[in-house]
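*Asks:* kindly generate the corresponding structure for this input.
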Amino acid sequence: MKNFVIAGVIVLVAVVGIVFYLQQPKEGVRPIAWDQEACAHCHMHIGDPHFAVQLQTDSGDVLDFDDPGCLFSYLDANKPMVKEIYFHHHAKDEWLTQAIVGFVHLEQDTPMGYGIGAVDRSETANAMSFEEARHAVQGRGHSGAMSPMQSMHHHAGAAK
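*Replies:* Numbers count the residues shown, from 1 in each chain. Next up is the predicted model:
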């Protein structure tokens, strides 16, 4: 009888441990359904990975954005409790955490026209910090709405 009780306790502890492990938030970037998922700020489809951003909150919410500027506008408007933010490098197939991200001004169009792209600050001289880029976006007063030309370009790019 004593052996059954000990075995039962061990099984119960194992089950509780597994349930606790499965409920813990996963680390890293969660997959994004390209061209299907909408930006949490402007509600346009996220079609260009080079400008994608993912916000993970302390409460476990995962929000995706199509442009770094949309993230900055969302942060200012909603003030979420941030667990981590991942920025897709604008020229490489890699994700950058907020701790290492920097930003550069781009001549090319970006999905929402904010004109900034994420880079690794350690690899890019004169890159803007997270806060400098955030202030640059705030200074533009960009609402997140697209001009008709930006919208056409965005949809044409998403159809590729």
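
*Asks:* hey, let's count contacts and neighbours off CA atoms from now on
*Replies:* Noted.

*Asks:* now Gly17: how far from Val9?
*Replies:* Applying C-alpha to C-alpha, to the nearest Å, the value for Gly17 to Val9 is 12 Å.

*Asks:* same thing with Ala91?
*Replies:* Ala91 is 53 Å from Val9, by C-alpha to C-alpha.

*Asks:* name the element Phe4 belongs to?
*Replies:* In this structure, Phe4 is located in helix 2-23 according to DSSP states H and E.

*Asks:* who are the neighbours in contact with Ala40?
*Replies:* The neighbourhood of Ala40, defined by C-alpha atoms under 8 Å, 6 or more residues apart in numbering, consists of 63-65, 74.

*Asks:* that one in helix, strand or coil?
*Replies:* coil (DSSP: H, G, I helix; E, B strand; the rest coil).

*Asks:* against Gly8, how distant is it?
*Replies:* Look at Ala40 and Gly8: by C-alpha to C-alpha, they are 46 Å apart.

*Asks:* make JSON lines from the contacts of Ala40 and add neighbour count, pLDDT and secondary structure to it.
*Replies:* Below are the contacts of Ala40 laid out as JSON lines (neighbours: other C-alpha atoms under 10 Å; pLDDT from 0 to 100; DSSP: H, G, I helix; E, B strand; the rest coil):
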{"residue": "Leu63", "neighbour count": "18", "pLDDT": "98", "secondary structure": "strand"}
{"residue": "Asp64", "neighbour count": "26", "pLDDT": "98", "secondary structure": "strand"}
{"residue": "Phe65", "neighbour count": "29", "pLDDT": "97", "secondary structure": "strand"}
{"residue": "Tyr74", "neighbour count": "17", "pLDDT": "96", "secondary structure": "helix"}
